[in-house]
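>>> Have a look; sequence and predicted model below, questions after that.
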Amino acid sequence: MIEKYSIRTDLALEQKERFESDNVEVQGVVLEEDYDEEREIKVTTVKIETENGAKTMGKPVGTYITMEAPNMAVPDEDYHQEISNELAKFLERFIKSDKEEYSVLVVGLGNRKVTPDALGPYVVDNLNITRHIIREYGRYAMGEDAVNLISAIVPGVMGQTGMETVEIIKGIVKETKPDIIIAIDALAARSSRRLNRTIQIADTGINPGSGVGNHRNAITKETVGVPVIAIGVPTVVDAATIVNDTMENLIAALESSETLRGVGVVMQGYNAAEKYELVKELISPHLNGLFVTPKDIDETVKRISFTISEALNLLFSKGHAHIKENSVI
């Protein structure tokens, strides 16, 4: 049943949780957790170390850092600044460049016309783009002794361009020769409580559209020729997930009912995988392919995109030595 149980999530953390709930230990996968009580930020690192672990998890070998911050959905500027600082710190770990100045291509994946999928384009809108200024006037035009060359692209989606995103990026890489690519995309989550409250960073690249079952060619070091760091925020959740969570609450309610307690006992006999498969079979075919997003997604996506762009601007500026000093996690 485990093999047939295909959970709709882009978060490595949720894949690991799925196996833990079924008491299945995944060899070659290491989980580390850290929690900052003051800021209410939980950081989970999933390290997939072996090919066997990668096959079981359905994700490439690499490191996946997940920041969970329940208050990220709240319009608190000071709190979002703290998130930006933490995010910059974790991104700095992934950038393995021996150059004092490096060239970065930021790719804003997604469809600007579909709000839950507009995270990537919105992040690019708020970036400090420097490559053209430095190439034209030199690094001193930025008022600093050393600056990183930042360029960005919003490649759109295949329905708009007729091209695979990876084809566009390979052409840009060939011409501009960046040292690193940072790709930002909207993700799908298994848990509705993680919507717009979670940021995942991975050093493995990204599969655009994978969370909603629209698999496109991967953007990885192997396909484009340079290291790819992926940043994602879950903005949608599968309809089957919502029904499944509702069923869990129903089972809990049935346990407290004298007349219906027997039904709850029967349902408790199903493991997580079996419950999920049952839900997918029971809900209408029209609902099975449905993805849901919160009603305030417009302002939320704009707010979170600004938080991510601020983290990138902080990281790329040469005055980012204070990131570690201000960080407590």
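Yep, it's here. Quantities reported herein were computed from a predicted structural model and do not represent experimental measurements. Numbers count the residues shown, from 1 in each chain.

>>> Could you list the low-pLDDT ranges of the chain?
1-8, 15-25, 97-98, 141-146, 208-216, 248, 251-289, 318-329 (pLDDT under 70).

>>> how is it carved up into domains?
Listed domain ranges for the chain are 12-236+294-326, 243-285 (source: automatic domain parsing).

>>> Just send the ones you listed back as CSV, with mean neighbour count too.
C-beta coordinates here come from the backbone N, C-alpha and C atoms, glycine included. Converted to CSV, the domains of the chain look like this (neighbours: other Cβ atoms under 10 Å):
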stretch, mean neighbour count
domain 12-236+294-326, 18
domain 243-285, 14
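
>>> for the stretch 101-250 of the chain, what spans make up the helices?
For the stretch 101-250 of the chain, applying DSSP state H, counting those that start in this stretch gives helices covering 119-125, 131-137, 158-161, 165-176, 221-224, 239-255.

>>> The residue nearest the centre of the chain and V243, how far apart?
Taking Cα atoms, centre = their mean as the criterion, G232 is the residue nearest the geometric centre of the chain, at 2.3 Å. Distance, G232 to V243, by Cβ to Cβ, to the nearest Å: 24 Å.

>>> could you list every residue that touches the residue nearest to T176 when sequence neighbours are not counted?
Using Cβ to Cβ, 6 or more residues apart in numbering and skipping the chain neighbours, the partner closest in space to T176 is S151 (6.2 Å). Taking Cβ atoms under 8 Å, 6 or more residues apart in numbering, we find S151 in contact with S103, V104, L105, V106, I129, R131, H132, T176, P178.

>>> quick revisit: and the closest residue to the residue nearest to the centre of the chain other than its chain neighbours, how close does it get to I231?
Of all residues not flanking G232 in the chain, L187 sits nearest, at 4.1 Å (Cβ to Cβ, 6+ apart). In this view, L187 and I231 are 10 Å apart by Cβ to Cβ.

>>> Residues that sit against both of these two, list them.
Shared contacts of L187 and I231, defined by Cβ under 8 Å, 6+ apart, are found at Q200.

>>> re the thing from before, these two touch, right, the residue nearest to G232 and A12?
No: applying Cβ atoms under 8 Å, one finds L187 not in contact with A12, separated by 10.8 Å.

>>> what touches both of these two?
The contact sets of L187 and A12 overlap at Q200 (Cβ under 8 Å, 6+ apart).

>>> Doesn't E310 lie inside a helix?
Yes: counting by DSSP: H, G, I helix; E, B strand; the rest coil, one finds E310 located in a helix.

>>> Who are the contact partners of it?
Shown in contact with E310 (Cβ under 8 Å, 6+ apart): H80, Q81, S84, N126.

>>> please redo it, this time with the cut-off set to 7 Å
S84 (Cβ atoms under 7 Å, 6 or more residues apart in numbering).

>>> Distance check, it against N126.
7 Å.

>>> Verify the contact between V173 and K221 for me.
No: the pair V173 / K221 is not scored as a contact, 10.8 Å apart, by Cβ atoms under 7 Å.

>>> Which residues are in contact with the residue nearest to G232?
Counting by Cβ under 7 Å, 6+ apart, L187 has contacts D10, L11, Q200, G211, G232, V233, P234.

>>> Could you look up the SS state of the first one?
Pointing back at D10 there. coil.

>>> what about it, how many residues close to it?
For D10, the neighbour count with other Cβ atoms under 10 Å is 27.

>>> Distance of it relative to K113?
Distance from D10 to K113, by Cβ to Cβ: 21 Å.

>>> Kindly report the same for the third one.
In this structure, Q200 and K113 are 24 Å apart, going by Cβ to Cβ.

>>> I153: what's it in contact with?
L105, V107, I172.

>>> part of a helix, is V30?
No: applying three-state DSSP, one finds V30 to be strand, outside a helix.

>>> you'd agree it is up against K47?
Yes: V30 lies in contact with K47 (Cβ under 7 Å); the separation is 4.4 Å.

>>> who are the neighbours in contact with K170?
Applying Cβ under 7 Å, 6+ apart, we find K170 in contact with V224.

>>> Surely F291 touches A240?
No: between F291 and A240 there is no contact under Cβ under 7 Å: 10.0 Å.
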